[in-house]
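Asker: What follows is a predicted protein model with its sequence.
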Amino acid sequence: MAEILDLDVRNLVKRYGSFAATDEVSFTIPKGAFFSILGPSGCGKTTLLRMIAGFIEPTSGDILITGRSVIGVPPHRRPVNIVFQNLALFPMMSVGQNVGYGLRRRGVARAEIDKRTFGRPAAARRHRPLPRPRPGRAAA
Ligand SMILES: Nc1ncnc2c1ncn2[C@@H]1O[C@H](COP(=O)(O)OP(=O)(O)O)[C@@H](O)[C@H]1O
Ligand SMILES: [Mg+2]
């Protein structure tokens, strides 16, 4: 039997009026794969990610995560974490705690979060919050 895919995007279309922000996008991601979506500005990357995360409903097509369609499933019930471009990080947490936040929300044990976030246990205790942005400095 074929292994269940982590992600299966099928003929995904998002229309704004007559304009298609994504137009019949299809691809599959095998279990455990690390992948990137590359393309010029305006080609539909953010629209695609937002549909996978559940913030935008597709006009047509399907999204299967580990074999199950997530169409109609709200963002907080999808096994997807998204880090937005516009610095939507928790400033009172360290970088590591921001990275591990999705696991914490899922109820993963602290030792396991530390291991998966930092590669070793108990490292989180030494962490400092994110530095405050300095006025007049562009965000990286
Ligand atoms: N809410 C919207 N209404 C109308 N057009 C949109 C909307 N969101 C995105 N688009 C258009 O869809 C296309 C893809 O946008 P986007 O997914 O943000 O591209 P990318 O992230 O690859 O730069 C762009 O032409 C953009 O102008
Ligand atoms: Mg974008």
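Answerer: Sure, I can see it. Ligands and ions are numbered 1, 2, ... in the order given.
Asker: Contacts only, for the most centrally placed residue in the chain.
Answerer: For the chain, the residue lying nearest the average C-alpha position, counting by CA atoms, centre = their mean, turns out to be Ile82 (2.9 Å). Neighbour list for Ile82: Leu49, Arg50, Ala53, Phe55 [criterion: CB atoms under 8 Å, 6 or more residues apart in numbering]. From N, CA and C alone the C-beta is placed, and that goes for glycine too.
Asker: A strand includes the first one, no?
Answerer: No - secondary structure assignment places Leu49 outside any strand; it is helix (DSSP: H, G, I helix; E, B strand; the rest coil).
Asker: Surely it touches Ile37?
Answerer: Yes - in this structure Leu49 lies within contact range of Ile37 using CB atoms under 8 Å: 7.4 Å.
Asker: What confidence value was assigned to Ala20?
Answerer: The predicted local confidence for Ala20 comes out at a pLDDT of 98.
Asker: ok, now how distant is it from Leu38?
Answerer: With distances defined as CB to CB, to the nearest Å, the gap from Ala20 to Leu38 amounts to 19 Å.
Asker: residues in this structure within reach of ligand 2, list them.
Answerer: When proximity is defined by CB under 5 Å from the ion, the chain lies next to ligand 2 at Lys45, Thr46.
Asker: where does the chain dip in pLDDT?
Answerer: Counting by pLDDT under 70, the chain contains low-confidence residues at 1, 87, 121-128, 133-140.
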